[in-house]
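Novice: Got a predicted structure here, sequence first:
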Amino acid sequence: MKPNQSSSSKLLPQKRTNTRPAHGTKWPASSSEDDDHKDNDNDSQEEEIEEPEPRRSKHKKRKASLSDNEQPAKGGKETDNEGDQGEEEPEEEPEEELEEVEIEDLNDRHSRGIPSTLPVKKDSTRDLLLIFSDRTKQDFVNKSGNSTILEGRWCLVCKAAYDSTLKDGHRPSRPLNKCFLQGANTTCRGHIMRFHFEEYEQRCNAAIPNILMNHACVPPAVQKEHEEGDKQKKLAFNVVKGPAEFTRLGVLESVAKHTAVDNQALILADKISFRNCLTSMRPKSKSADLPSTHDVSVYIHNAFVMTLDKLKADIEKAPGKVSCTADSWTADTTKLGYLGMTAHWIDIDEFGCWKLRAEVVGFQLIHGTHAGSNLGRYFVGLCDRVGIMSHTHSKAINLFVIQADQLYGPIMTQRTNGRVTKKIPWTDFILNDSDWKRVEEAKTIMMDLNRVLHYFSAEKQPTLYHAIPAIKNLQMAWEDKLSKLVYALYHDAIRDGLAKLLKYYS
């Protein structure tokens with residue numbers, strides 16, 4: 001039984017009127033529907049049959065189990081229940097309280113998303129227009145002399161061949177009317193498949209953007225060949241062998257590579273979310289099994305040192321010379337200068353095969369100007385770090401000294417009474433370890449001066465206010481070396497330098 005409808009409506013005659021029911025009410029049910037409801041058992045009378053109602057945020061409704069006498073008649077009129085007498089009323093359920101029903105679901109007309117784009121008819125024939133023209137009407141004269149207007153497409157390839165043959169003074173192999181096809185697009189694509197597939201394929205690939213070939217234009221033999229090729233094609237996956245078992249060193253190495261290669265911050269290893277990811281991969285992990293920021297930083301530093309040591313050993317083993325390339329630039333954001341350097345040499349493997357090697361040997365922050373003297377010092381320092389130049393084993397100096405006597409002869413000669421008594425070769429001027437130690441000490445003293453000079457080198461800002469602090473810094477550094485016995489050999493030179501600095505205070 002429908003809610004909000006008394007049983008008296010079953011006995012009243014149903015009249016067709018043009019008046020719609022008030023908002024929120026329902027049309028009365030027909031007598032045939034009532035007869036159907038009477039034949040059902042008691043359980044079916046308790047079921048609710050609801051029709052779509054206008055959308056409301058909240059609405060109240062009565063259960064169908066409420067008796068007809070308890071429902072008030074509309075318009076103050078009494079209802080007649082005599083027709084229901086004699087019928088055995090089913091056992092009524094206890095009256096339930098009014099309940100609020102909240103409607104949350106949207107209908108299809110409310111929940112429509114963004115519609116998909118409609119295909120453009122011109123796009124479906126883009127490939128066809130590479131060979132054929134647009135549909136047009138053409139007037140042809142038949143053998144009897146009658147004019148006929150036909151609608152179709154010109155085959156541009158056949159028509160171009162027809163015109164070229166006529167221009168050369170020859171008779172075309174195909175008449176002009178055979179270049180005009182009246183059929184649908186499928187007929188035109190069949191013509192392409194039989195006569196112009198190679199030209200069609202070239203034009204599709206040369207189009208910008210590329211146009212996909214229609215399957216109706218591809219000959220069956222070519223389609224079969226492509227299908228067999230796709231079946232035999234194997235996906236070229238790079239197989240990466242993972243660790244066979246869990247180790248702390250393996251986790252540390254993986255996290256360090258992820259941090260360095262992906263340009264992540266070192267603090268990533270201490271992030272709780274990242275550590276939770278590692279723990280989810282191995283729930284039995286303890287806090288000591290997971291690397292920290294300090295562990296990652298130390299591992300990256302040590303890996304860098306090991307790489308430089310291996311690079312230095314490879315350069316020393318190279319039988320030939322080492323060619324170096326360098327470039328310097330200034331970062332736009334920080335205005336800092338950098339110097340990048342690469343080394344190129346020929347390496348010989350254990351089988352005697354030559355292999356060209358090229359490695360990055362330095363990426364250095366530059367202080368001061370980009371003048372040749374300043375860049376040269378940084379260049380020599382990078383060469384010294386990887387063994388290209390060194391006071392103990394310099395590849396460049398050793399190669400030069402070994403070949404200098406053969407190329408240029410002795411560096412000096414001693415003469416007595418106009419006669420050459422002794423020839424001094426280049427190898428006599430090779431510095432030993434003690435000589436290089438003195439060079440390093442002198443270099444340390446001159447580095448203090450070089451550092452101070454860079455305080456005065458700038459192109460876009462004043463530097464005069466650095467004068468007094470810079471000179472004072474240099475004076476303190478030289479006075480400290482003057483008190484050390486390591487620099488006793490240079491005490492006279494240091495005193496002369498300090499005397500020169502005192503002139504700026506007088």
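Specialist: Yep, that arrived. Computed from a prediction, not measured in an experiment: that's the story for all the values here.
Novice: these two touch, right, Ile149 and Asp139?
Specialist: Yes. Using C-beta atoms under 8 Å, Ile149 and Asp139 qualify as a contacting pair, with a distance of 5.3 Å. Glycine gets a C-beta too; all of them are placed from N, C-alpha and C.
Novice: doesn't Met412 make contact with Ala421?
Specialist: Quick fix: residue 421 reads Thr, not Ala. No. In terms of C-beta under 8 Å, Thr421 does not count as a neighbour of Met412; the distance is 11.8 Å.
Novice: contacting residues around stretch 257-265?
Specialist: Taking contacts as C-beta atoms under 8 Å, 6 or more residues apart in numbering, the residues outside stretch 257-265 that touch it are Leu266, Leu268, Ala269, Val296, Ile300.
Novice: Taking those residues together, which two end up most distant?
Specialist: Leu268 and Ile300 (12.3 Å; C-beta to C-beta).
Novice: Quick one: classify Tyr200 as helix, strand or coil.
Specialist: Following DSSP: H, G, I helix; E, B strand; the rest coil, the label given to Tyr200 is helix.
Novice: count of residues packed around it?
Specialist: The criterion is other C-beta atoms under 10 Å. On that basis, Tyr200 has 23 neighbouring residues.
Novice: Tell me, how many residues neighbour the residue nearest to it when sequence neighbours are not counted?
Specialist: Nearest in space to Tyr200, with sequence neighbours left out and distances taken as C-beta to C-beta, 6 or more residues apart in numbering, is Ile192 at 5.0 Å. Residues near Ile192, counting by other C-beta under 10 Å, number 25.
Novice: thought Ile192 was touching Arg203?
Specialist: No. Here Ile192 does not reach Arg203: they are 10.3 Å apart, not a contact under C-beta under 8 Å.
Novice: quick one: common contacting residues for these two?
Specialist: Ile131.
Novice: Report the separation between Lys257 and Ala303.
Specialist: In this view, Lys257 and Ala303 are 9 Å apart by C-beta to C-beta, to the nearest Å.
Novice: Doesn't His344 lie inside a helix?
Specialist: No. Counting by three-state DSSP, His344 is located in no helix; its state is strand.
Novice: what residues are up against the closest residue to it other than its chain neighbours?
Specialist: For His344, ignoring the flanking residues on the chain, the nearest one in space by C-beta to C-beta, 6+ apart is Ser323 at 4.5 Å. Shown here is Ser323, whose contacts under the criterion C-beta under 8 Å, 6+ apart are Ala343, His344, Trp345.
Novice: Out of those, which comes closest to Gly381?
Specialist: Ala343 (14.0 Å).
Novice: What pLDDT is listed against the nearest residue to that closest one once chain neighbours are set aside?
Specialist: In space, and not counting its chain neighbours, Ala343 is closest to Val361: 4.7 Å by C-beta to C-beta, 6+ apart. According to the per-residue confidence, Val361 scores 88 in pLDDT.
Novice: which residues are contacting the helix or strand where Val361 lies?
Specialist: If you go by DSSP states H and E, Val361 is part of strand 354-366. When contacts are taken as C-beta under 8 Å, 6+ apart, the neighbours of strand 354-366 outside the stretch itself are 311, 314, 318, 324, 328, 336-349, 374-375, 378, 381-383, 385-386, 388.
Novice: filter the residues you listed to the buried ones?
Specialist: Buried residues within the contacts of strand 354-366, defined by neighbour count using 16 or more other C-beta atoms under 10 Å: 311, 314, 318, 324, 328, 337, 339, 341, 343, 345, 374-375, 378, 382-383, 385-386, 388.
Novice: What about the residues you listed, which are in strands?
Specialist: Counted as lying in strands by DSSP state E, out of those, are Cys324, Ser328, Gly337, Leu339, Met341, Ala343, Trp345.
Novice: Using TSV, lay out those residues together with distance to Pro219 and pLDDT.
Specialist: What follows is these, written out as TSV (distance: C-beta to C-beta, whole Å; pLDDT from 0 to 100):
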residue	distance to Pro219	pLDDT
Cys324	58	91
Ser328	60	88
Gly337	63	88
Leu339	61	90
Met341	58	92
Ala343	56	92
Trp345	55	91
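Novice: biggest separation within those, which pair?
Specialist: Within these, two members stand farthest from each other by C-beta to C-beta: Gly337 and Trp345, at 27.2 Å.
Novice: Wait, Ile346 touches Ala318, no?
Specialist: Yes. Contact criterion C-beta under 8 Å: Ile346 and Ala318 qualify, at 6.7 Å.
Novice: who's in contact with the longest helix belonging to the chain?
Specialist: The helix of greatest length in the chain, counted in residues with DSSP state H as the criterion, is given as helix 293-317. Contacts of helix 293-317 from elsewhere in the structure, counted by C-beta under 8 Å, 6+ apart, are 252-253, 255-256, 259-260, 266-270, 291, 322, 343, 345, 347, 357, 359, 361, 385-388, 393, 395.
Novice: how about the helices in the stretch 101-250 of the chain?
Specialist: Remark: helices assigned in the stretch 101-250 of the chain by DSSP state H, counting those that start in this stretch are 156-167, 185-195, 197-206, 220-232, 248-261.
Novice: Save those as JSON lines, and put in mean pLDDT too.
Specialist: Rendered in JSON lines, the data for those read as follows (pLDDT from 0 to 100):
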{"stretch": "helix 156-167", "mean pLDDT": "88"}
{"stretch": "helix 185-195", "mean pLDDT": "89"}
{"stretch": "helix 197-206", "mean pLDDT": "89"}
{"stretch": "helix 220-232", "mean pLDDT": "75"}
{"stretch": "helix 248-261", "mean pLDDT": "90"}
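Novice: In CSV: these, plus distance to Ser173.
Specialist: Rendered in CSV, the data for the helices of the stretch 101-250 of the chain read as follows (distance: least, C-beta to C-beta, whole Å):
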stretch, distance to Ser173
helix 156-167, 7
helix 185-195, 12
helix 197-206, 17
helix 220-232, 24
helix 248-261, 64
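Novice: and Lys178, which of those helices is closest to it?
Specialist: Distances from Lys178 to each of those were compared using C-beta to C-beta; the shortest belongs to helix 156-167, at 7.1 Å.
Novice: what bits of the protein have low per-residue confidence?
Specialist: In the predicted model of the chain, residues 1-122, 229-243, 390-399, 505-506 satisfy pLDDT under 70.
Novice: Any chance of CSV for the ones in strands among the buried ones among the contacts of strand 354-366, columns distance to Lys284?
Specialist: Compiled in CSV, those are given as follows (distance: C-beta to C-beta, whole Å):
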residue, distance to Lys284
Cys324, 51
Ser328, 51
Gly337, 50
Leu339, 48
Met341, 47
Ala343, 46
Trp345, 49
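Novice: Next, count neighbours for Asn185.
Specialist: For Asn185, the neighbour count with other C-beta under 10 Å is 17.
Novice: for Lys437, same thing?
Specialist: 12.
Novice: for Gly387, same thing?
Specialist: For Gly387, the neighbour count with other C-beta under 10 Å is 25.
Novice: Give the closest residue to it in space, chain neighbours not counted.
Specialist: Lys312 (4.2 Å).
Novice: ditto for Leu482
Specialist: Spatial nearest neighbour of Leu482, chain neighbours left out: Ile494 (5.0 Å); criterion: C-beta to C-beta, 6+ apart.
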